[in-house]
Structures are given as C-alpha cells and as structure tokens.
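Novice: please find the sequence and the predicted model below.
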Amino acid sequence: MDWGLRNRFSSILQPATGRCVMLAVDHGYFQGPTTGLEQPGRVIKPLLPYADALMLTRGVLRNCVDPAARVPIVLRVSGGTSVLKDDLSDEELTVSMEEAIRLNAACVTMSIFVGSPHEKASLTNLGRLVDEAQGYGLPVLAVTAVGKEMVRDARYLSLACRIAAELGAHFVKTYYCEGFEKVVGGCPVPVIIAGGKKIEEREALKLAYHAVRDGAAGVDMGRNIFQSQWPVEMIRAVRTIVHDNKTDTQAWDTLKPAR
Ligand code: 5RP
C-alpha cells in the first residue's frame with residue numbers, strides 16, 4: 001500500500017484500536033427515502049461527532065453534509081437498481097475516481113453479489129474499482145450484499161468475504177452470523193459488520209458486541225442507529241463496545257439516562 005492509501009485507510013480504521021464506527025446512510029441509493037432517513041442532513045448532523053467515517057452517496061454528500069465537517073467519507077460508487085426490481089444484483093460503477101477525489105473521499109465502496117445472477121459482473125467491477133482506486137491511493141471497501149434467497153451463514157459469508165479480499169478489497173463489510181470467527185479467520189483483510197434491519201436497541205448492542213468479540217474490526221451501522229429513538233445515545237454506546245472493549249450490558253447501561 002502506498003502512503004496516501006495507508007493514510008486514508010488509517011483515517012477510517014482508527015490507529016489506536018484498529019477498529020471503526022462507520023455510520024451508514026447510503027440506503028437511499030436503491031431504497032429511496034428510507035424510514036428515518038427522509039431528511040439525511042437532519043439525521044447526520046448530530047451523529048457526526050461520534051462517527052469515525054460516513055458511508056453515503058455523492059448526492060447526499062453534496063446536498064446534506066456540511067463541507068466543513070471533518071469526518072472521513074466512504075463514498076458509495078455503485079448503483080443502478082431500485083427496490084422495484086426483484087433482482088438487485090445488476091449494479092454498475094456510478095462514480096469516477098476523479099469525482100471521488102474531488103469530493104475528498106477517504107475510501108470508495110461498492111457491493112458484490114456472490115451467488116446472484118450478476119455475480120460475475122459485480123466481481124469484475126470490484127477488480128476494476130480496485131485497479132482504478134489504487135491509482136489515486138483510495139482504499140476500497142467491498143460490501144457483501146445478500147439476496148432474498150441467500151442464507152447469511154458462515155459458509156456463504158466466508159466465501160463472499162474471501163472473494164472480495166482476493167480481488168483486492170482493502171476491507172470488507174458483511175453480516176454477523178453464527179460462526180463469525182470463521183468468516184474473519186478466512187479473510188486476510190479487516191471485516192466490519194452491517195447492522196441490518198432495525199431490532200431492539202439491547203439486541204443491536206449485543207450484535208455489535210458479539211461481532212467485535214468474534215474478530216470484527218468494528219461496525220458500519222445504519223438503521224439501528226438512525227431509526228433508534230435515541231440515535232446519538234446509540235452511536236455513543238456502540239463506540240464504547242468498538243473502541244473501549246465494553247460489553248453489550250455495559251453499553252446498554254450508558255443508555256439509562258435516555259431510556
Ligand atoms: C446496503 C448497505 C448499507 O449501508 C448497509 O446495509 C448498512 O446499513 P444497516 O446497518 O442499516 O444494514 O451497504 O447495501
């Protein structure tokens with residue numbers, strides 16, 4: 001890795017812990033105005049001080065985030081589908097690397113769809129993105145998307161994460177599952193987890209704790225933060241798990257004043 005790439009990477013995975021709390025607010029790129037994220041600017045602003053990085057599209061970045069914000073940007077550069085289609089795997093690269101640099105992105109990200117009808121295109125797009133991003137010193141985060149029919153088990157997620165790493169992704173985002181340590185153990189680059197659908201706050205903290213305990217280098221969490229009735233308290237509680245090695249019970253205790 002060259003200096004610029006390492007510098008950008010270390011702005012996301014914090015050198016003190018090797019982990020990150022990334023806030024995911026890119027859902028609109030195929031879901032439109034996702035519940036809780038109808039007005040991204042309002043949602044993002046109070047959470048920014050507690051996010052190590054912000055994952056989003058260029059449209060939301062340009063229109064809803066203060067350019068004076070100091071947060072590293074993980075720019076989604078894939079898209080081309082919507083929830084109106086049954087098959088969400090038909091994505092392409094949607095942003096050039098020159099544009100990513102103009103937007104001062106710290107990292108670029110795209111989804112791969114292992115086992116889906118467009119598996120090959122998404123994987124070759126990842127290879128192309130790694131090549132192009134490398135030329136600008138930009139790290140690449142691969143997101144292992146799962147189709148409706150795909151099981152989120154250790155066997156499948158290990159396969160998808162390993163393929164992403166083999167194709168050159170610098171880190172991978174996936175889902176937590178039983179046997180998650182096997183997913184991490186079989187992947188030569190750091191693995192972070194998505195939060196998934198909104199669940200009870202207590203359960204979301206447990207998910208984050210189990211993931212970190214089993215080797216995740218942090219979280220890229222969206223709905224379980226911005227759809228929570230206590231978004232700021234939730235992201236702060238997640239930080240205690242990721243960066244201070246607190247348990248889910250200890251993190252839950254920090255929510256007491258809000259509950
Ligand atoms: C969609 C994404 C989202 O950013 C991701 O799913 C994280 O958000 P959440 O915690 O709400 O699942 O990459 O492909």
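Specialist: Okay, I see it. None of these values were measured; they are calculated from a predicted model.
Novice: can we go C-alpha only for contacts and neighbour counts from here?
Specialist: Fine.
Novice: find the closest residue to the ligand in the stretch 1-150 of the chain.
Specialist: Going by C-alpha to the nearest ligand atom, the ligand is nearest to Ala24 of the stretch 1-150 of the chain, at 4.5 Å.
Novice: contact residues of the chain facing the ligand?
Specialist: The chain comes close to the ligand at residues 24, 26-27, 145, 194-197, 220-223, as judged by C-alpha under 6 Å from any ligand atom.
Novice: can you point out the buried residues in stretch 197-204?
Specialist: Applying a neighbour-count criterion of 16 or more other C-alpha atoms under 10 Å, one finds 201, 204 buried in stretch 197-204.
Novice: for it, how far is the first residue from the last?
Specialist: Start-to-end span of stretch 197-204 (C-alpha to C-alpha, to the nearest Å) is 10 Å.
Novice: what's the mean pLDDT across it?
Specialist: Averaging pLDDT along stretch 197-204 gives 97.
Novice: over to stretch 124-141?
Specialist: In the prediction, stretch 124-141 has an average pLDDT of 98.
Novice: helices of the stretch 1-150 of the chain, start to end?
Specialist: 3-12, 28-31, 40-47, 58-64, 97-102, 119-134 (DSSP state H, counting those that start in this stretch).
Novice: nearest to Ala237, of these?
Specialist: Within the helices of the stretch 1-150 of the chain, the stretch nearest Ala237 is helix 40-47; the backing value is 12.1 Å (C-alpha to C-alpha).
Novice: list the buried residues for that closest one?
Specialist: 40, 43-44, 47.
Novice: before we move on, what about stretch 251-259?
Specialist: Neighbour-count burial for stretch 251-259 [16+ other C-alpha under 10 Å]: 251-252, 254-255.
Novice: what is the nearest of the residues you listed to Gln229?
Specialist: Leu255 (11.1 Å).
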